[in-house]
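Engineer: when you get a sec, could you give me coordinates for this:
(one chain, ligands or ions: 1)
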Amino acid sequence: MSQTAKKHTFQAEVNQVLDLVIHSLYSNKDIFLRELISNASDACDKLRFEAIKNKELNAEDLHIKVDFDKEAKTITVSDNGIGMSHDELIENIGTIANSGTKKYLESIAKKDKADANLIGQFGVGFYASFIVAKEVEIKTRKAGAPADEAWNWRSDGKNDYTIEPISKDSHGTEIILHLQDDEADFADNHRLRSLIKKYSEHVAFPIKMLEVIYPEKDEDGNDKPAKEPEYEVVNDATAMWKKNPGDLKGKDYQAFYKQISNDFNEAAFWTHNHIEGTQSYTNLLYVPKKAPFAMFQNPDDREGLKLYIKRVFITDASKELLPNYLRFVKGVVDSNDLPLNVSRETLQDNPLLKKIRSGLVKRVLGMLKKKTNDSEVYGTFWKEFGDTLKEGVVEDFSNREAVLKLLRFASTHNDDATENVSLDDYISRMQDKQDKIYFITAESYAAAKNSPHLEKFKEKGIEVLLMHSRIDEWMMGHVQEYDGKQFQSVAKGKINLGDEDKDKEDKTSEEDKDFLKKLSEQLKDHVSEVTASTRLVNSASCLVMDEHAMAIHMQKLMEQAGQAMPGQKPALEVNLNHPLVKHIENMDNDEQFKQWSELLYEQALLAEGGQLKNPAEYVQKMNQLMLDMLG
Ligand SMILES: Nc1ncnc2c1ncn2[C@@H]1O[C@H](COP(=O)(O)OP(=O)(O)OP(=O)(O)O)[C@@H](O)[C@H]1O
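Structural biologist: Model (predicted):
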């Protein structure tokens, strides 16, 4: 270490990331170059943006260079972008600011193997260098700083790094990889060019490499003096999204997706449009194949939708450009009309941006609608993002109908848990006199499918949607109808499936009424009332919540989460035709009546996914009754 070099220690998390990257990404070594070029491109974007406000800065001829030295076993990636100050070097390279990365580290701490697909999502970027390098140097000078205010950072990727002042001719950053001996093959013209083509073709700045000069002979067969090689552009270097969609192929879109998304998987599908009119802008929006790791942890931690104004990168504006329930969308939006000096803070209130946002929502919903024609593709999408999309039913009132159209459910029409029934499918199968869309929410598919509440519906051949995702109960609490048809939970409120049932209800005999009263009195601590059921066929009893109350399995979840759920007693419905109920009705021993009627309630609660206050007592009671029967 030279006298002027100062030693620093990596933040503990950096060490963890380094370790992970080196051990988990070794089968994906190639990506180091993509990561370095991507950082260089970001640095060029940043300078171009800064130069709009600060006329002193020079953002001409922004480019990236890739050089190599076979003998010295080095690769150098340099840019003339924004560069870094001394403090920025420490902050950006020596610490980890991304909260997602920290959470990720915590989550994998318990597993033995990290998932390489996930690591990529957390901006391990620069650290990927250490997969192939034994030592990395960064020479950097911040744009606007004098030549002697530049820095040389060095590290072997183990615990610490040094920073030393140097002098640097031009602003920007130079990353020098001193390759490990067995990775020296990367320092090769062909190999580097093909990696650039593969991963960085659509970076919007020119990536340059020195041309290869082959020895030439003159007319007499003598070697011509070799000319000095010049830099030539290796990639396409245009803003891909500005191109005509007709000129682009699937592989171009996929390559660009990987470049902007940090996703190791390909995109599932995309929509690319040049929009002209009161607002003129371009959008290229992708739906990933797999949900990113952090998506459900914190919807505010989202990125991947970039805002450009006239090809100048402004900011990652996922939150400003699309509502939360479409947070899985990644891509680029490039506006021709927004002012270049717009700041992130003022972005949200900008009326032009609001218009773009509502246009984008329509585009995404339109793209999804189209994809519903391909059941396989849509099925995969639904598995990954269906629950996220459901948030839109509550969040986005103006597009509620369009979002509802995109939802898919399991249903009694099918024999398995596959969620592939749309509300339109359901309506097309509704019976002649049926005017409601019936559904049930439960803890699991099995609980929904086997719920006693469905018995009458099964008997009558009326389809019921089986909802078993946690979000369903919340969503259905916010939506009343679709296509003019009311939603009705089969587990809540009164069910009236036709005149026959109504008649039955009216014809409850005086004896039965007395029995129901007696039961109500007996069970008053648990239920609001006991009534004759119109929905049971085979089961003896079921619990029914009030139309607007929360389902029992959800109440349980809320209680587990420490939320008190006061005063929401269900009603108990009993099947007066059931032998067990008849048996209780004819019972004259008060103690037995108490025990049996409590069982009636407890069984209904269990069937509902509810939790018994005292399970041991229940078991004892059951055993006693069985013994009584044997005796
Ligand atoms: N060539 C560069 N010029 C200027 N700053 C850079 C350069 N390379 C890296 N940095 C700075 O270092 C930070 C950390 O880089 P790193 O690649 O580790 O993560 P990231 O780029 O923030 O995340 P991601 O790779 O997911 O985009 C960057 O955010 C940037 O501020």
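Engineer: now do whichever residue of the chain sits closest to the ligand: how many residues are near it, please.
Structural biologist: The ligand sits closest to Gly125 of the chain, with a gap of 2.0 Å, by Cβ to the nearest ligand atom. Yep, even glycine has a C-beta here, placed from its N, CA and C like the rest. By the measure other Cβ atoms under 10 Å, the count of residues near Gly125 is 20.
Engineer: is it true that it touches Ile37?
Structural biologist: No - using Cβ atoms under 8 Å, Gly125 is not in contact with Ile37, being 10.3 Å away.
Engineer: and the lengthiest helix in the chain, what's buried?
Structural biologist: Within the chain, and with DSSP state H defining each element, the longest helix by residue count is helix 31-53. By neighbour count with 16 or more other Cβ atoms under 10 Å, helix 31-53 contains the buried residues 31-41, 43-51.
Engineer: filter the residues you listed by proximity to the ligand?
Structural biologist: Residues of the buried residues of helix 31-53 in contact with the ligand (Cβ under 6 Å from any ligand atom): 35, 39-40, 43.
Engineer: which positions in the stretch 1-150 of the chain make contact with the ligand?
Structural biologist: Proximity of the stretch 1-150 of the chain to the ligand, by Cβ under 6 Å from any ligand atom, involves residues 35, 39-40, 43, 79, 81-84, 92-93, 123, 125-127.
Engineer: same question for the chain.
Structural biologist: Listed as neighbours of the ligand in the chain under the rule Cβ under 6 Å from any ligand atom: 35, 39-40, 43, 79, 81-84, 92-93, 123, 125-127, 173, 262.
Engineer: just the buried ones from those?
Structural biologist: With neighbours counted by 16+ other Cβ under 10 Å, these contain buried members at 35, 39-40, 43, 79, 81-84, 92-93, 123, 125-127, 173, 262.
Engineer: so which of those residues sit within helices?
Structural biologist: Filtering those for membership in helices, criterion DSSP H, returns 35, 39-40, 43, 92-93.
Engineer: circling back to that earlier point, okay, the longest helix of the chain in CSV with CA atoms only?
Structural biologist: Taking Å, rounded to 0.1, in the frame of the first residue of the first chain, the C-alpha atoms of helix 31-53 are listed here in CSV:
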residue,chain,number,x,y,z
ILE,A,31,-22.7,-11.4,-16.2
PHE,A,32,-19.9,-9.3,-14.7
LEU,A,33,-19.4,-7.5,-18.0
ARG,A,34,-23.1,-6.7,-18.3
GLU,A,35,-23.2,-5.4,-14.8
LEU,A,36,-20.2,-3.1,-15.3
ILE,A,37,-21.6,-1.8,-18.6
SER,A,38,-24.9,-1.3,-17.1
ASN,A,39,-23.3,0.9,-14.3
ALA,A,40,-21.3,2.8,-16.9
SER,A,41,-24.5,3.4,-18.9
ASP,A,42,-26.3,4.7,-15.7
ALA,A,43,-23.4,7.0,-15.1
CYS,A,44,-23.7,8.4,-18.6
ASP,A,45,-27.5,8.8,-18.1
LYS,A,46,-26.8,10.7,-14.8
LEU,A,47,-24.4,13.1,-16.4
ARG,A,48,-26.7,13.9,-19.3
PHE,A,49,-29.4,14.6,-16.8
GLU,A,50,-27.2,16.8,-14.6
ALA,A,51,-25.9,18.7,-17.6
ILE,A,52,-29.5,19.9,-18.3
LYS,A,53,-29.3,21.9,-15.1
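Engineer: give the next helix or strand downstream of that helix.
Structural biologist: Next along the chain after helix 31-53, taking DSSP states H and E as the criterion, comes strand 64-69.
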